[in-house]
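1. model the structure of this input:
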Amino acid sequence: MTGKKRRTVKTISEYLSSEQVLSLVTGKQMKYATTPEFYHKRDRALMSLAFLTAGRINEVLKLRKSQFNFNESPHYILVENMHVSKRKRELIKKYGNHITKRWSFILPLSPDPNIYEYPKMVQLVPFTRLVVEYLELLEPDEPLFQMGTRWAWEIIRKTTRLFPNWFRSQAEMWYGSNILRDSVKLAKFVGVVRPEQVAHYIGFDYKETLKEPQKIK
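-> Presented below is the predicted three-dimensional model:
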């Protein structure tokens with residue numbers, strides 16, 4: 001018996017601009033019988049965070065509202081203690097328990113002159129706003145997404161015809177090309193131990209090879 005071929009980041013041949021990714025996030029919507037406005041905001045926040053955080057989908061699903069710190073600055077939200085999966089016991093023993101948590105990072109709300117990358121970071125503001133719209137509907141320490149990875153995959157598949165790690169790969173390329181430009185920094189940001197795992201995302205000028213976004217049928 002043969003199953004469907006698993007799609008991985010190796011199958012991705014197109015790297016899109018942030019505007020093109022946003023058009024996918026805000027495009028087709030699932031049909032819900034009850035409270036569709038709530039679920040549409042949830043789905044858009046799910047995909048926005050998959051791109052903003054460059055996180056694996058199970059890491060995004062573990063986020064709670066209390067991890068989003070709005071008090072640090074009026075220009076951004078600070079995301080704290082995001083979980084990192086795929087940590088073997090040997091790695092934890094070698095590097096310590098801190099490798100199961102990501103360093104705090106920001107989601108931009110508006111241009112900040114104190115952050116040198118802000119002209120590029122401002123491209124991510126529309127994604128952050130979609131996240132904020134959803135966070136406003138939740139209780140202070142409520143989990144953001146009360147669903148399993150299978151349903152998250154289904155939402156993304158039906159609305160974009162893509163898969164969760166597509167957003168992670170697009171984000172790694174975007175951050176590597178526009179903001180971090182260093183494999184060590186990018187590895188620390190996305191929560192991988194070996195910089196060589198993300199080195200191919202550095203120094204790539206997506207603007208020169210940009211293709212049309214994948215069509216949603």
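
2. quick one: contacts of the strand ranked longest in the chain?
-> Identified as the longest strand of the chain according to DSSP state E is strand 68-73. For strand 68-73, contacts defined as Cβ atoms under 8 Å, 6 or more residues apart in numbering pick out Ile77, Leu78, Val79, Glu80, Ile106, Leu107, Asp112, Val131, Leu135. (Each C-beta comes from the backbone N, C-alpha and C, glycine too.)

3. partners of that strand in the sheet?
-> Taking DSSP bridges as the criterion, strand 68-73 forms sheet pairs with strand 76-79 (antiparallel).

4. buried stuff in the strand it pairs with?
-> Within strand 76-79, the residues that count as buried by 16 or more other Cβ atoms under 10 Å are Tyr76, Ile77, Val79.

5. redo those as TSV? Include pLDDT and distance to Ile57.
-> Compiled in TSV, the buried residues of strand 76-79 are given as follows (pLDDT from 0 to 100; distance: Cβ to Cβ, whole Å):
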residue	pLDDT	distance to Ile57
Tyr76	91	23
Ile77	95	20
Val79	96	16
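
6. contacting residues around the nearest residue to Leu144 once chain neighbours are set aside?
-> Residue nearest to Leu144 in three dimensions, not counting chain neighbours: Leu63, with 4.8 Å by Cβ to Cβ, 6 or more residues apart in numbering. Applying Cβ under 8 Å, 6+ apart, one finds that Leu63 lies in contact with Leu49, Val79, Met82, His83, Pro143, Leu144, Phe145.

7. repeat for Glu196
-> Counting by Cβ under 8 Å, 6+ apart, Glu196 touches Ser183.

8. out of the buried residues of strand 76-79, who's nearest Lys41?
-> Checking these against Lys41 by Cβ to Cβ gives Ile77 as the nearest, at 16.3 Å.

9. Provide the secondary structure category for the residue lying closest to that closest one once chain neighbours are set aside.
-> Among residues not flanking Ile77 along the chain, Leu107 sits closest, at 4.5 Å (Cβ to Cβ, 6+ apart). Here Leu107 is strand, with the state taken from DSSP: H, G, I helix; E, B strand; the rest coil.

10. check the gap between Leu107 and Leu144 for me.
-> Distance, Leu107 to Leu144, by Cβ to Cβ, to the nearest Å: 13 Å.

11. buried residues of the helix ranked longest in the chain, list them for me.
-> Longest helix in the chain, counting residues (DSSP state H): helix 36-52. By neighbour count on 16+ other Cβ under 10 Å, the buried set for helix 36-52 is 39-52.

12. okay, these in JSON lines with pLDDT and distance to Met173 next?
-> Shown next, in JSON lines, are the buried residues of helix 36-52 (pLDDT from 0 to 100; distance: Cβ to Cβ, whole Å):
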{"residue": "Tyr39", "pLDDT": "97", "distance to Met173": "29"}
{"residue": "His40", "pLDDT": "98", "distance to Met173": "27"}
{"residue": "Lys41", "pLDDT": "98", "distance to Met173": "27"}
{"residue": "Arg42", "pLDDT": "98", "distance to Met173": "26"}
{"residue": "Asp43", "pLDDT": "98", "distance to Met173": "23"}
{"residue": "Arg44", "pLDDT": "98", "distance to Met173": "21"}
{"residue": "Ala45", "pLDDT": "98", "distance to Met173": "22"}
{"residue": "Leu46", "pLDDT": "98", "distance to Met173": "20"}
{"residue": "Met47", "pLDDT": "98", "distance to Met173": "16"}
{"residue": "Ser48", "pLDDT": "98", "distance to Met173": "17"}
{"residue": "Leu49", "pLDDT": "98", "distance to Met173": "17"}
{"residue": "Ala50", "pLDDT": "97", "distance to Met173": "14"}
{"residue": "Phe51", "pLDDT": "97", "distance to Met173": "11"}
{"residue": "Leu52", "pLDDT": "97", "distance to Met173": "14"}
